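Peer 1: sequence plus predicted model, see below.
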Amino acid sequence: MSEHGGRPLTLRASVLLLVATYAAAVGAVELAPADRPVASWWPAAGIAVVLVACARPGRLAVPLTVAALVVVTAAANVTGGRPLDVATAFGAANAAEALVAGLVLRLGRGRAGGPPGLAGADDFVRLVLAALAGGATVAAGAALTVATLVPGGSPGEAAVSVLAAHAASTLVIAPIALAATTRRRPRGRSEELAVHVAALLVATLVVFSPAQSLPLAFVPFVLLAWAGLRFDLRTVTVELAGFAVLTTYVTDLGWGPLGNAADAAALGGLAAATLAQGYLVCAVLITVPLAIVVAQRAELLERIRSDGLLFRRNFTESLLGQVLLRAEGADLVVVDINDAAAAVLGAGRESLLGRDLGGLLVTPQSLPDLVVGLSTGRIRSWQSTVGVTGREGARVDVALAVIDRELDGGLVYSAQLLDVSREHSARRQLEAAQKLTSATLDTTDALILVTDLSGRVVRVNAATTRATGYGETELIGRLVGETGLAPDSGDLDALFVWPNRSGAPVVREGEALTRSGERRRIVWSSNVVRDEHGFPAFGVMTGIDVTTERASAGLVSHLMQAPIGTALLGLSPEGCIEVVNTGAVQLLGHQPHEVVGRRFVDLLDREQLLARTGATDLRAAFAALVAEAGGGETRAREWTFVGGDGSPRVISVTLSATDPSLSTGVGYLCVGRDVTQQRRSQDMLAAALDKERTAVERLRALDEAKTEFVSTVSHELRTPITSIVGFTEMLQDGSVVEPLPEQLRLFETIARNGERLIALCNDLLMLSGLDSDDVTWRSEEVDLAACLGLVEDSVQPLLAGRDLTVTFETPTGPLHVLGDRPQLERVMVNLVSNAMKFTEDGGVVRARLAQEGDEAVLSVTDTGLGIPLDEQEDLFKRFFRSSTAHTEAIQGTGLGLAIVAAIVEAHGGRIRVRSAHLEGATFTVRLPLLHSGGPGRPVGDPGHRPVPA
Ligand code: ADP
């Protein structure tokens, strides 16, 4: 019946118990003596009560069980031979009993809805109440049934007998089921149990033997009490059940004190049976409470023992340092201490017992004050981190509280100690490490972004805020990909996801947009910081700003590819070609891949190189070349290179050492220009110059020959012409013959042209004289004012027949210059006569001499034909005659102004002209005055060439 094992009955168990109810009922009815209206014992009642008490919770289980009990019990009564009406009535009465007793028992059900138990005094009282209530119910039913349906039956007797039988049945059988929920006592008393069972059996058999008439009915009680004291409830209930079966049976047989008593006292069999049931009730009332109490006590002791054990284990084996203390005056004395606490305090357990806690700990507060606070209840507990006496640097978390008050009124304290020295020093180290990390992060030039596993920025360094312009708060918390600084967090994601990665960082170059919108090139190197278990903890992105490098690299490659004619070769310190530019490719006729990696000296004409450097091998030759550069640059020198097609190319080369701090791979820079063409041009130029020089020399010789010729011819012509003129005058004046009047005109013409020829010859001789180096100038003090007066007189004849206004302005005083008087007069005459010649009648000619500063200035102005501007450049050249002079057919040789200019120049003066076509002309001559500190040099020194204005 214990198969439900503390759980509500299953359907199967309920059915089995119903069958058992039926069988027990049939058995009881069968066994009941035929003369009795009711059975003397009714075990089915106990089973039925268990069925109801242990039925499943819920609304249906109990009603269904009760209905089934009505049917089963009625059926059993019918089976036992009772009439149907009686059987049905008994069935209903039995079911009502089970319902009442069962419900009373169900009041003691556990919270979880389990079956009622038999663990304490309350449970036992409920069992007794259930038995009595159930018994009373069925007794009432039985009495009613006997009174109405059993003719001749005694309802009173039936009621008493049924009450006893059913109450006993419930008290004996229900505990077996109820005890199933109690704990089984540990085994180990099987021998005692065997002896006990044997003793009980023997005692029962002896007491209830057929011939036994001594009233020894109490003896089994002693043995049952033994069971109650010594064995668990289950054993006791089972024993009681066995005892009940046996005593009931033998009493029914008429044996034992009760059976015999029935005979002796002439009691009816029913009364004896009722007595036996009462006897059983007593046995149960004595034994079961005893067993319950003993079990309770044992359980309590067990719990206390295990609690104590638990406490002890907790105390001694705790990893937490535990100290029990007792207040003695102001001291807290160690009463007990576990190993962990002893280890924290750095001493042996035994040596610490009896010591004052205040002496063991270094606390900022005074312990005696705390003890007062704790003992008065002002402070509930105290927690702090303290030091330990004698353990330098140790840190201990301590929690102090009152835990108990002893019988004598003294307080027991507990102190829990936890050594946090390692955490403390680890934290200090961590703080130091964090400070170091911060300092490292903030002093590096690299940009550093630390992210969590979701790619959100958790930390940035100073370089990042500097370079990007973003404040720390603007970056922290944002996804890396959204900051615009790093391309995305994909690399980090990949690093986080692949736990078996090699750990090599992912390097990627990207564009970063700063706060001001500037674009920077950043090389990001991303990696993951893992915790001690190897799981990713943080992502770290380290960025280097390569904007400048990229820009200059771009510039360099641009320059190297630029179409310039200069060859640039970057050489390694060992002399191998590292980089070449387009110019070098063109000049050398080699493709870049043909020369990069080759030795520079391999490109040069070997013989020339060795000869010039005096080296015996190419390596030494290169060393000699760069030695010339020293730390700087070689002078430009022409070298013969062997071109890609094998042809020699002359290239002017400078070699310079590069700054090793600026470029890593390149040690020397070779700059070359192709001078083949230049050399050719130079040669051509030299040849052309040479030709020109010979031509000039020939021209000069020719010029000299011409001047010589003109001078000779003029000289040779002048004498005969002079005689022609002389003879013509003689013919004119009639010294030879009286000329005829018509001849006179002819003689005049001959004389006039002769004079002109003489003038021409004089001019030519004058000019060739001026040109020749051996002309001699007179150097005397000349008063230009006086000269101009003479000139005024000498030009008067030219006015004959002309309508011209000619004025002369001279200064009041003399104007002295150093020079050749006749030549200076010639200058004046020439200029004034030209002005008169080229001015038409009605015009004005004005000659003016004045002092301006330290110069004498002669200006001759006319209102005549003037000289076209574009012709003025040649005005002072020999034989120049203006186009106007030609068209107006004005006579002249074109030598006058050339002579004037030569004389003015020989006197250190200048001549200028200002004129325009038909607008007159002004010739201005400036000569240095004698006493002005002007040129002290003799006349004839080459001075300024007269220039046109
Ligand atoms: P000639 O007077 O014998 O022709 P010159 O050497 O004296 O030679 O003058 C050269 C030319 O300069 C003249 O032929 C004339 O065309 C121009 N010339 C000189 N003086 C004047 C002037 N005062 N007005 C205009 N033209 C002049």
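Peer 2: Thanks, I have the structure now. All values derive from a computational prediction rather than experimental measurement.
Peer 1: can I assume Glu509 sits in a strand?
Peer 2: Yes. The assignment for Glu509 by DSSP: H, G, I helix; E, B strand; the rest coil puts it in a strand.
Peer 1: residues touching it, list them.
Peer 2: Arg521, Ile522, Val523, Trp524, Val546 (C-beta atoms under 8 Å, 6 or more residues apart in numbering). All C-beta spots, glycine's among them, are computed from the backbone N, C-alpha and C.
Peer 1: among those, which are in helices?
Peer 2: Using DSSP state H, no member of the contacts of Glu509 sits in helices.
Peer 1: please pick the buried ones from those residues.
Peer 2: With burial judged by 16 or more other C-beta atoms under 10 Å, the buried subset of the contacts of Glu509 is Arg521, Ile522, Val523, Trp524.
Peer 1: ok, so of these, who is nearest the ligand?
Peer 2: Nearest to the ligand among those is Arg521, at 77.8 Å by C-beta to the nearest ligand atom.
Peer 1: pretty sure that closest one contacts Ile544?
Peer 2: No. In this structure, Arg521 is not within contact of Ile544 by C-beta atoms under 8 Å, at 9.5 Å.
Peer 1: joint contacts of these two?
Peer 2: In contact with both Arg521 and Ile544: no residue, using C-beta under 8 Å, 6+ apart.
Peer 1: show me what the helix or strand that contains Asn314 is packed against.
Peer 2: Element membership of Asn314 [criterion: DSSP states H and E] is helix 269-317. Under the contact definition 3 or more C-beta pairs under 8 Å, 6 or more residues apart in numbering; DSSP states H and E, helix 269-317 sits against helix 121-149, helix 155-179, helix 219-230, helix 233-252, helix 256-264, strand 321-328.
Peer 1: so is whatever residue of the stretch 451-600 of the chain ends up closest to the ligand in a helix, a strand, or just coil?
Peer 2: Of all residues in the stretch 451-600 of the chain, Gly565 sits closest to the ligand, at 54.0 Å by C-beta to the nearest ligand atom. Under three-state DSSP, Gly565 falls in the coil class.
Peer 1: try the one 4 residues further on
Peer 2: Assigned with three-state DSSP, Leu569 falls in the strand class.
Peer 1: near it, how many other residues are there?
Peer 2: Using other C-beta atoms under 10 Å, Leu569 has 25 neighbouring residues.
Peer 1: what's the closest non-adjacent residue to it?
Peer 2: Counting by C-beta to C-beta, 6 or more residues apart in numbering, Cys670 is the residue found nearest to Leu569 once chain neighbours are left out, at 4.1 Å.
Peer 1: what about that neighbour, which helix or strand?
Peer 2: Judged by DSSP H and E, Cys670 forms part of strand 668-674.
Peer 1: same thing with Asp442?
Peer 2: helix 421-443.
Peer 1: from the chain's centre, how far out does that helix sit?
Peer 2: 21 Å (C-alpha atoms, centre = their mean, to the nearest Å).
Peer 1: what is whichever helix or strand comes after that helix packed up against?
Peer 2: Where DSSP H and E defines the elements, the next helix or strand beyond helix 421-443 is strand 447-451. Here strand 447-451 is seen to pack against strand 457-460, helix 462-468, helix 480-483, strand 536-545 when contacts are counted using 3+ C-beta pairs under 8 Å, 6+ apart.
Peer 1: tabulate the ones you listed (JSON lines), appending distance to Val402, mean pLDDT and mean neighbour count.
Peer 2: Rendered in JSON lines, the data for the helices and strands packed on strand 447-451 read as follows (distance: least, C-beta to C-beta, whole Å; pLDDT from 0 to 100; neighbours: other C-beta atoms under 10 Å):
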{"stretch": "strand 457-460", "distance to Val402": "46", "mean pLDDT": "89", "mean neighbour count": "20"}
{"stretch": "helix 462-468", "distance to Val402": "54", "mean pLDDT": "89", "mean neighbour count": "20"}
{"stretch": "helix 480-483", "distance to Val402": "56", "mean pLDDT": "84", "mean neighbour count": "18"}
{"stretch": "strand 536-545", "distance to Val402": "44", "mean pLDDT": "85", "mean neighbour count": "20"}
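Peer 1: tell me which of those lies nearest to Ser306.
Peer 2: strand 536-545 (44.6 Å; C-beta to C-beta).
Peer 1: list the strands paired with the closest one, with their directions.
Peer 2: Paired strands of strand 536-545, with direction, are strand 447-451 (antiparallel), strand 519-530 (antiparallel) (DSSP bridges).
Peer 1: so how far is it from its chain's centroid?
Peer 2: The answer for strand 536-545 is 5 Å, by C-alpha atoms, centre = their mean.
Peer 1: and the angle for whichever helix or strand comes after it with strand 519-530?
Peer 2: The helix or strand immediately downstream of strand 536-545 is helix 547-561, counting by DSSP H and E. Put simply, helix 547-561 runs at 130 degrees to strand 519-530, going by axes from the mean of the first three to the mean of the last three C-alpha atoms, to 10 degrees.
Peer 1: can you check which helix is longest in the chain?
Peer 2: With secondary structure taken from DSSP H, the chain has its longest helix at helix 676-732.
Peer 1: what is that one packed up against?
Peer 2: Applying 3+ C-beta pairs under 8 Å, 6+ apart, one finds that helix 676-732 contacts strand 648-657, helix 741-771.
Peer 1: quick check: which of those is nearest to the ligand?
Peer 2: Judged by C-beta to the nearest ligand atom, the one of those that comes nearest to the ligand is helix 741-771, at 8.2 Å.
Peer 1: in whichever helix or strand comes after the closest one, what's buried?
Peer 2: Counting by DSSP H and E, the element after helix 741-771 in chain order, helix or strand, is strand 780-783. In terms of neighbour count (16+ other C-beta under 10 Å), strand 780-783 has its buried residues at Val782, Asp783.
Peer 1: how about residues contacting strand 780-783?
Peer 2: Pro814, Leu815, His816, Val817, Leu818, Gly819, Asp820, Arg821, Leu824, Leu930.
Peer 1: rounded mean pLDDT for it, please.
Peer 2: For strand 780-783, the mean pLDDT works out to 93.
Peer 1: who does that strand pair with, and is each partner parallel or antiparallel?
Peer 2: strand 816-819 (antiparallel).
Peer 1: what sits up against the strand it pairs with?
Peer 2: With C-beta under 8 Å, 6+ apart as the test, strand 816-819 has contacts from 777-784, 824, 856, 907, 927-931, 938-939.
Peer 1: rerun that using 6 Å as the cut-off
Peer 2: Strand 816-819 is contacted by residues Ser779, Glu781, Val782, Asp783, Leu784, Ala856, His907, Leu927, Leu930, Val939 when judged by C-beta atoms under 6 Å, 6 or more residues apart in numbering.
Peer 1: same deal with stretch 393-403?
Peer 2: With C-beta under 6 Å, 6+ apart, stretch 393-403 has contacts from 344, 374, 381-386, 388, 411-421, 424.
Peer 1: and the protein, which residues reach the ligand?
Peer 2: 830, 834-835, 838, 862, 864-867, 880-882, 885, 892-897, 921 (C-beta under 6 Å from any ligand atom).
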